[in-house]
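J.: my questions concern the predicted model and sequence given below.
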Amino acid sequence: MISPIQYLKKILPLVIVAVPALLLDIITKWFVRMHIPEGRGYSIIPGFFNLRHDRNTGAAFGIFSDQRTLLIIITIAALIFIFIYSFRFQNSRWMQTSLGFLLGGAVGNFIDRVYLGSVVDFLQFGIESKNLFWPTFNVADVSVCIGAGMLIVYLFRIQHRNVN
């Protein structure tokens with residue numbers, strides 16, 4: 001049986017990644033809410049990158065718009081998955097780091113959904129001259145994408161090992 005202290009040492013990469021990701025997400029969203037009116041933005045790199053205060057009542061790309069309860073349930077299920085896998089992969093720093101990014105991002109957007117009813121998005125990239133913009137996103141979204149990417153790499157590495 002592993003002691004709680006031994007377990008905490010093993011999941012340290014998860015905590016070291018999740019906490020800063022969550023704090024950065026909370027701080028940046030707070031800054032945007034306090035300093036940029038909703039629906040407005042500021043050009044940072046003219047024609048390419050803006051800080052723009054948008055609200056998203058859905059998930060990525062606005063899917064499941066206005067389905068707050070469903071998205072909260074999905075997030076809770078994802079958090080359960082993260083904690084189960086943190087036990088299963090407690091000896092893998094790669095997986096602990098991946099799960100840390102997923103945890104930090106999931107909790108960041110979960111907090112917005114619960115307390116604000118929508119997620120604050122503010123990073124906007126695009127080509128202004130062609131009026132082509134990627135949907136706005138936030139630090140939590142970046143964290144989830146990094147974690148998911150790391151998870152995919154891990155699964156491909158495992159699959160490659162099993163094939164050989």
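T.: Now that the structure is in, tell me what you want to look at. All of these numbers come straight from a predicted model, not from anything done at the bench.

J.: count the residues that sit near residue 112.
T.: Residue 112 has 21 neighbours, counted by other Cβ atoms under 10 Å. All C-beta spots, glycine's among them, are computed from the backbone N, C-alpha and C.

J.: please name the nearest non-neighbouring residue to it.
T.: Distance criterion Cβ to Cβ, 6 or more residues apart in numbering; nearest residue to residue 112, sequence neighbours excluded, is residue 119 at 4.4 Å.

J.: how about that neighbour, what does it touch?
T.: With contact set as Cβ atoms under 8 Å, 6 or more residues apart in numbering, residue 119 has these partners: 55, 56, 57, 109, 112, 113, 138, 140.

J.: now with 10 Å?
T.: 29, 54-59, 71, 108-113, 136-138, 140-141 (Cβ atoms under 10 Å, 6 or more residues apart in numbering).

J.: in strands, which of these appear?
T.: Of the positions in these, 54, 55, 56 sit in strands, assigned by DSSP state E.
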